[in-house]
Structures are given as C-alpha cells and as structure tokens.
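Trainee: A predicted structure for the sequence below; I have some questions about it.
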Amino acid sequence: MASATTEARAARRGLRLGRFGTLIGRRFRFIVIQLLGAATLAFFLIRMVPGDPARVLAGPAASPATLAELRRHLGLDDSLPVQYVRYLGNLLRGDLGTSLTTGQDVSADLWQRGPATLELILFALLVSMLIGVPLGVALARRREKRSGKAIFGYAMFSGSIPDFWLALILLYLFSFKWEIFPPPIGRLGFETPPDRITGMYTVDALVTGDLATFWLAAQHLALPVITLTLVYSGLIVKVANASSEQAFGAGFVDLYTSAGVRSTLALRRATRLALPPVITVAAITNGFLLGGAVLVEQVFAWGGVGQYAVQAVRGADFAAIQGFIVMAAFFNIANYLIADIAMLGVDPRLGRTES
Amino acid sequence: MSRGRAPRRGTGSRRRARIANAKTRWGLIIVAVIALSTVLAPFITPFGPEEITDEVLASPGFDQFFGTDRRAMDVFTRTLYAPRVDLTIGVIATLIAFVIGVPLGTVAGMFEDRGRLGGFASQIIMRGMDVMQAFPVFVFALALVAVLGTGATNLVLGLAFVNTPVFVRQIRTGVLVLRDEAFVEAALIAGWSRLRIAFRHVLPNALGPAASLVSVMIGFSILLTAGLSFVGAGVRVPTAEWGVMIAEGSAQLPTGQWWPSVFPGLSLALTVFGFSLLGEGLRESPTAMDGRRAGRSRRWAERSFS
C-alpha cells in the first residue's frame, strides 16, 4: 500500500520534471530568437546614423586616403548582408569592436566596468525587495490607518521622482552639507580596489577578509543605492500589496482558520500564492534599475557601464553604444529567464498545465 | 466589475470608486495647473525664459522666488516655461506611439491564431515588440537619440518608438478578451470581415484602458525627456527645460547653491505625478472608461440580430 503511494508520487514527480524540462526548452528557443532580434535591431540602429560612419569616426579633417583606409578597416566597403553576418560572427566570439573614446575593445571595456554597475543594481534590488515586500504586505492590513495611507501615498509618488535629481539632492544634503557620506568620486575614493574576483568591491573585500575596504565600498554604495531604492521600491510595494491582499482574501485562509489549521501554515500557503507577481515585478525593476543606473552613475562618477554609455553617446562612439545596448538587452533577457525559472519553482501550476 | 464578488474587508467597490475619482480629480488639477501656468507664463513672470537678470546665483527671495542660476537667468521663470518643451515632447511622443500602437495591437489581437496570413502578421508584430522590449527603456531611448542626433524632434521620434510596444500590448490584451464575445460572432455570421469587426466594434471597447495609459505614458515620457537632457542627449543647454536646468544647477551643489537644481526637479516630479494619478484614476474608475462604448456595440448587435 505504502510503496504504491510512493511509486505514484515518484511517477508524478517525474512527469512534472519532464514538463518542467520542455517548458524551459521552449523558453530557451524563444530566448535565442529574442537575442538574435535584439542583436539585429542594434546592428541596424547603428546603421541608421546619418552620413558616412568613417567620416564620423575620423572627424572632418581626415584626408580621403585615411577615410578609405578606415572604411576598409571597418569593413564598410562590403555589402550590408556581409557586414551583418560578420557582425553576428564577431558577436558570437564576444568581439564588439573598438571604442573610439577609450581605444580599447568594447567588450574589454564592458567587462571591466560591468561589475560596478551590477553591484549597484543588485544591492538596489536587494534593498528594494527587503523594504518593499514587507511594506506591501503590512499595507494590506492597515489600509485605513494613517501609516498605511502614508506608505500608500509614497508608493504612488515614488515612481514620479526623477532618479538623477533625487541623487543630487541626497548628495547635497548627506555628502556636501552634513558630510555623512563620501563625496561622489567613484566607488572607493582614492583607495586601491581589492583584487578582482567578481569585480564587485564589497563582495571581493568580504571574500578576502578586508573589512576596512568593505566598509569604505559600502559607504560609497550607500547613496546611489538609497536613491535607486527610494525611486524604484514604490512599484514593488504596490505589487506586493495587491498580490498579498488577493492571496489573503482568497478564501482558503479563512477556511484554514475556521478549520483550526495552524496559522503559520496558512501564512506560508498565502505567501506562496502571493509570490509570482512579486517575482515578475523584481525582474521588471531590475530592467528599470539598469536605466536608472545610467543616470545615477553619472551623478556619482561611478565608473560603470552606465557612465561609459553616456560618454559614448556624447562622443558619438557608435561601437561602444552598440556594445552597450546589446549587453543591456542580454542582461534584460537573462533577467526575465531567471524570473521565469524562479516562477516555475514557486508556482506548481506552471509545470503541470502546459503540455 | 467587482459587483459579482463577495465584498472583502475594506475594499468595497464603492470605496474603490471613491479613491479612483479622487485620483482623477487631483491628477487633473495638477496637470491643469501646470499646463495653465506655462501657457500664462508671460503674464505671471516679468522675465523671459533665457533673459539675463541682474545677479548671478541670487538666492530665492521676494523678487525672484526661486533665485537665479549661474547665468543670472531667473529660475522661477525658467521652471514655468519648461513644460512648453517637456510637456509638448511628452504629449506628441505619446500620441504618435498611441496612433501607431493601437492599429498594430488591434491586428495582433484579432488575428492571433486566426488564419494563416493574419496569424503570421500577428506573430510578426508581437515578436517585433518582444525584441524592442528586450532593451531597457531608458537605454533604448538613449541609443535612439544618440543615433538620430539630439534635439527636440529626434527626442520625440525616439520616445514614440520606445513607447509604441506598451500600447500594442495593452490593446492586444483588450482585443483578445473581447474577440470571443457574442457581438463579434454575430458580426462574423453577418459576413463582416475580421478586420472591419476589429476596428469597428472590438477596438472601441478595448480603447478605454489604453486611453488611461496615454496619461501615464505622457508622464513617463516627460521623465525620459528630462533624463536624456540631463546627460546631454536631449534638448540643448540654454533652453528652459527641467533636465537641462537640473544638470546646469548640479555644478553649484558642492558650493551650496541648491535652488537652480531643486525647483525644476520638484516641478518635474509633480507634473509626472499628476499624469500618473490621472491615468491611474481613469483606469480604476468603474464608470469613466467603459460602459457606454460597450453598450453601443451590444445594442448594435441586438438591433441587427433580433
């Protein structure tokens, strides 16, 4: 009897894992198309630049011989399809061309600056979730109270705050005026960064046990992370609030309570039910954060890919712009993939109903 | 909408309607005040938006409420005039996105999995939107403006392009919900083409939520405009525009002159908030956006087939 039940359960689990697999497989096929599409769009976007790219690159004073040489070097003499195929080939090998402003490979530039931005975004997301989700859940219970109204009002207003402006205001108050946080000169001021393991200073400093550097890096991180959190956690509060309100009002919580089931169990089940929208909003926020980071990095001289992108736009550095947007799209797509996989773990219906 | 469901603690439909109406009202008031003050700006302030006044970096006072910036331009005057740039760009960009997005979304929704050609068109549209939305919005807008070149016109084009997928998706979802309604089947049986039904009867019913989205997206576009101008990828420097003003003023923050940056940012935030309040209010309102239109198509169906 008992073994029959376990067998049935094992079979069911196997079935679910199989469907889980096909779901992921189908998702990957979709992702390949999306990646290819994003790369293609980036390619044609840069080809939309009015005028001769060689002329743009070499400047107005270049001689015809230099122009011809540059054109040959860039492969601009070939037809568009040939250029496109070569571009895709280079992309697969991780070659994004050479930046005008730094003179380095764009991929090397991005690799060097990526961790700075990633550190900023991940910390901002982490803090936003840690604050936003409990606030949203708490809000569901105290909508009529004054504190609830205040939170709700802030959640509605926060999305309207320009992040770059808030960064400046916080900088003015907490750095220039009250000197609580360090001035906006990058991630560590003038100290030498820790040995690169992940490239994220706080993480690397912790791994190597260098607490002084960790503390310094955390201080420099504080203001940009607070800025991003204040602006982007409102959405998380709103979604967490709506989904927990729905989960707790779903009826089974009342049923559990009236049937005398432990209240922690009801809470756990309700939390699980409320999670999928929160995961989705985390992925969406992550995308927004990358855009926000571009602006906030500018204010704090952060030296990440965001600042690199702005520099590229100002210097008409099209290889760098192209490299950056391709990277941003890949980041975003990876982001949604992670969210989808997390969702599969949380919501058992996803694995079953799809065939 | 929620009448059929059992009422939950403190979230009755009447209460929700009251909140929605309050949002709409306050959103409208804010937007109206901003729009009026910028139209009437020449009568409110004695200075011109790029006029050099007497003192450089004068602190806020009775004559010049928001002080002056480092070029001795009056910050209050420039803040008042700024929506002429920001609001115009935001509104035009959003309307272009709306005009392009709505038909695309209608076709995509109406023909999804319906017929070979139509299904194909729908697939193409939606995969295109997927690709466009693979890029983070601000990053995409930044790249577009970098490629097209700075300036107001290119800003409008870039923002319109970035906003289009939002409307396509919204309309498609609405159309997908409605296309199996009885009045669509009735029209099909009567021999109408899918395309004609889509635009004549399905679209008007799906338009409500998209219209409320227009307001939200205007606010969002204004935010993007200011952000792009802030990093020098939008409107050029002496123009009275919030993002430019904030960027210009940021150089004075270390030395303690906060007013050239703070006031433009406040009005920018308030404006965006007004538009998002208005949009949210309209979306949540049970009466404002749907009802009448849906009634019309249903009545038409009843008249024609009874």
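Mentor: It's in. From a predicted model like this one, the values you see are computed outputs, not experimental measurements.
Trainee: Look through chain B and state the residue closest to chain A.
Mentor: Nearest residue of chain B to chain A: residue B:138, at 2.9 Å (CB to the nearest CB). Using the backbone N, CA and C atoms, a C-beta is placed for each residue, glycine as well.
Trainee: check which helix or strand covers that residue.
Mentor: helix B:137-148 (DSSP states H and E).
Trainee: Model confidence for residue A:170, exactly?
Mentor: Looking at residue A:170, its pLDDT stands at 95.
Trainee: List the buried residues for stretch A:158-175?
Mentor: Of the residues in stretch A:158-175, those with enough neighbours to count as buried (16 or more other CB atoms under 10 Å in any protein chain shown) are A:158-172, A:174-175.
Trainee: Around residue B:209, how many other residues sit close by?
Mentor: The local packing of residue B:209 (other CB atoms under 10 Å in any protein chain shown) involves 15 other residues.
Trainee: now it: how far from residue B:187?
Mentor: Summarising the geometry, the distance separating residue B:209 from residue B:187, computed by CB to CB, to the nearest Å, is 22 Å.
Trainee: Over to residue A:341?
Mentor: For residue A:341, the distance to residue B:187 - CB to CB - is 43 Å.
Trainee: okay, those two: which has more neighbours?
Mentor: Neighbours were tallied for residue A:341 and for residue B:187 using other CB under 10 Å; the higher tally belongs to residue B:187 (24 against 15).
Trainee: before we move on, which element is that one in?
Mentor: Applying DSSP H and E as the criterion places residue B:187 in helix B:182-189.
Trainee: residues in contact with the helix holding residue B:138?
Mentor: Judged by CB atoms under 8 Å, 6 or more residues apart in numbering or on different chains, the contacts made with helix B:137-148 from elsewhere in the structure are A:42, A:45-46, A:48-49, A:287-288, A:290-292, A:294-295, A:309-310, A:312-313, A:316, A:318, A:321, A:324-325, A:328, B:132, B:135, B:154-155, B:157-159, B:161-162, B:224, B:227-228, B:231, B:233-234.
Trainee: what's downstream of that helix, the next helix or strand?
Mentor: The first helix or strand that comes after helix B:137-148 along the chain, using DSSP H and E, is helix B:152-178.
Trainee: quick one: average pLDDT of that next one?
Mentor: Predicted confidence along helix B:152-178 averages 94 (mean pLDDT).
Trainee: So the closest residue to chain B within the stretch 151-300 of chain A: helix, strand or coil?
Mentor: Evaluated by CB to the nearest CB, the stretch 151-300 of chain A has residue A:291 as its residue closest to chain B, separated by 2.9 Å. Here residue A:291 is helix, with the state taken from DSSP: H, G, I helix; E, B strand; the rest coil.
Trainee: I'd like to know how far the residue lying closest to it once chain neighbours are set aside sits from residue B:244.
Mentor: The shortest distance from residue A:291 to any non-neighbouring residue, by CB to CB, 6 or more residues apart in numbering or on different chains, is to residue B:138 (2.9 Å). Taking CB to CB as the criterion, residue B:138 is separated from residue B:244 by 17 Å.
Trainee: Next: residue A:215.
Mentor: According to CB to CB, residue A:215 and residue B:244 sit 37 Å apart.
Trainee: higher neighbour count, the two?
Mentor: The residue with more neighbours, out of residue A:215 and residue B:244, is residue B:244; 24 against 12, by other CB under 10 Å.
Trainee: Residue B:77 versus the more buried one, what's the distance?
Mentor: For residue B:244, the distance to residue B:77 equals 14 Å [CB to CB].
Trainee: cool, and residue B:234?
Mentor: From residue B:234 across to residue B:77, the span is 21 Å (CB to CB).
Trainee: what's the answer for residue B:40, then?
Mentor: Separation of residue B:40 from residue B:77 (CB to CB): 12 Å.
Trainee: next one: residue B:20
Mentor: Residue B:20 sits at a distance of 36 Å from residue B:77 (criterion: CB to CB).
Trainee: again with residue A:288
Mentor: Taken as CB to CB, the span from residue A:288 to residue B:77 is 33 Å.
Trainee: now residue B:199
Mentor: Here residue B:199 is placed at a distance of 46 Å from residue B:77 (CB to CB).
Trainee: same deal with residue A:283?
Mentor: Relative to residue B:77, residue A:283 is positioned 43 Å away (criterion: CB to CB).
Trainee: ok, now residue B:178?
Mentor: Using CB to CB, we find residue B:178 at a distance of 49 Å from residue B:77.
Trainee: Kindly report the same for residue A:227.
Mentor: Look at residue A:227 and residue B:77: by CB to CB, they are 29 Å apart.
Trainee: mind listing the helices in chain A by residue range?
Mentor: Per DSSP state H, chain A carries helices over the ranges A:2-47, A:53-58, A:64-74, A:80-92, A:106-141, A:146-158, A:163-170, A:201-207, A:211-248, A:252-259, A:263-300, A:305-314, A:318-346, A:348-353.
Trainee: Give me the phi and psi for residue B:66.
Mentor: With angles defined as degrees, to the nearest 10, residue B:66 shows backbone torsions of phi -100, psi 10.
Trainee: Quick check: it touching residue B:74?
Mentor: Yes - the pair residue B:66 and residue B:74 passes the contact test of CB atoms under 8 Å, sitting 7.5 Å apart.
Trainee: out of those two, which sits in the more crowded spot?
Mentor: The residue with more neighbours, out of residue B:66 and residue B:74 and counting by other CB under 10 Å, is residue B:74; that gives 27 against 23.
Trainee: Surely the more buried one and residue B:52 touch.
Mentor: No - no contact is recorded between residue B:74 and residue B:52 when judged using CB under 8 Å, the distance being 9.3 Å.
Trainee: what's the burial count for the nearest residue to residue B:194 once chain neighbours are set aside?
Mentor: Nearest residue to residue B:194 in three dimensions, chain neighbours excluded: residue B:110, at 5.8 Å (CB to CB, 6+ apart). Other residues within reach of residue B:110 by the criterion other CB under 10 Å amount to 26.
Trainee: Same check on the one 5 residues further on?
Mentor: Taking other CB under 10 Å as the criterion, the count of residues near residue B:115 is 11.
Trainee: Contacts only, for residue B:48.
Mentor: For residue B:48, the residues meeting the contact criterion (CB under 8 Å, 6+ apart) are residue B:77.
Trainee: Around chain B, which positions in the stretch 51-200 of chain A sit nearby?
Mentor: Within the stretch 51-200 of chain A, the positions near chain B by CB under 8 Å from any CB of the partner chain are A:143-144, A:156-157, A:159-166, A:168-169, A:171-172, A:176-177, A:183.
Trainee: Point out where the stretch 251-355 of chain A drops to low pLDDT.
Mentor: In the predicted model of the stretch 251-355 of chain A, residues A:348-355 satisfy pLDDT under 70.
Trainee: Please list the residues of it that sit near chain B.
Mentor: Where proximity means CB under 8 Å from any CB, the interface of the stretch 251-355 of chain A facing chain B comprises A:287-288, A:290-292, A:294-295, A:298-299, A:309-310, A:312-314, A:316, A:318, A:321, A:324-325, A:328-329, A:331-333.
Trainee: Weed out the non-buried ones from those residues.
Mentor: Among those, those classed as buried by 16+ other CB under 10 Å are A:287-288, A:290-292, A:294-295, A:298-299, A:309-310, A:312-313, A:316, A:318, A:321, A:324-325, A:328-329, A:331-333.
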